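*Asks:* Generate a structure from the sequence data that follows.
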Amino acid sequence: MSGSITASASSLSITFLAAQFPAGFMDLVAIDQAEELMTPGVDGRRWRTIYKQFPSFQMTTISEAATYNAAAALKKVAEKMVQKLVRLTVVIDAVPVIMREVHVSAVAPRIFPGPIFGAGTGINLAHIETTWQVELTDFFTT
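*Replies:* Coordinates of the predicted model:
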């Protein structure tokens, strides 16, 4: 899965060669957040749905950089995306899945010297592995 992450309100953008999700893919099912209702003198309980919310999930991406300094610049870009809404694009079997409003809670980038070997890679001297903690906020995908 390749793709990109672009901050909505600024020019911050990172493209990646691969993305990995611990659950295999993004969790696209919103979960009901409920409130328990109790009535004095009545035996039993009931709940009402207050709102729906997507669960937080992790995503690890790998991006390549021409030099180690370029990888350090990508690290700074990733760190600037914390607490921002971003557009997440993941390409699966040549079909893009686009999430318009994704909130970035935390970022943990790591820089590595040396190239990445594999299909679709170039001749680069460094790469960056970034673990993202994100929450979907948009109920509609394109």
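*Asks:* Name the strands paired with the regular element (helix or strand) spanning residue 48 and say parallel or antiparallel.
*Replies:* In this structure, residue 48 sits in strand 46-53 according to DSSP states H and E. Taking DSSP bridges as the criterion, strand 46-53 pairs within the sheet with strand 31-37 (antiparallel).
*Asks:* tally of neighbours for the residue lying closest to residue 37 once chain neighbours are set aside?
*Replies:* Excluding the flanking residues, the one nearest residue 37 by C-beta to C-beta, 6 or more residues apart in numbering is residue 46, at 5.0 Å. C-betas here are computed from N, CA, C, even on glycine. Residue 46 is surrounded by 11 other residues when neighbours are defined as other C-beta atoms under 10 Å.
*Asks:* cool, and residue 107?
*Replies:* The burial metric for residue 107, expressed as a neighbour count using other C-beta under 10 Å, is 19.
*Asks:* Next secondary structure after the strand ranked longest in the chain?
*Replies:* Using DSSP state E, we find that the single longest strand of the chain is strand 95-113. Of the helices and strands lying after strand 95-113 in sequence (DSSP H and E), the nearest is strand 126-136.
*Asks:* returning to what we had before: and the contacts of the longest strand of the chain?
*Replies:* 3, 5, 8, 26, 56, 68, 71-72, 74-75, 78-79, 81-91, 125-138, 140-142 (C-beta atoms under 8 Å, 6 or more residues apart in numbering).
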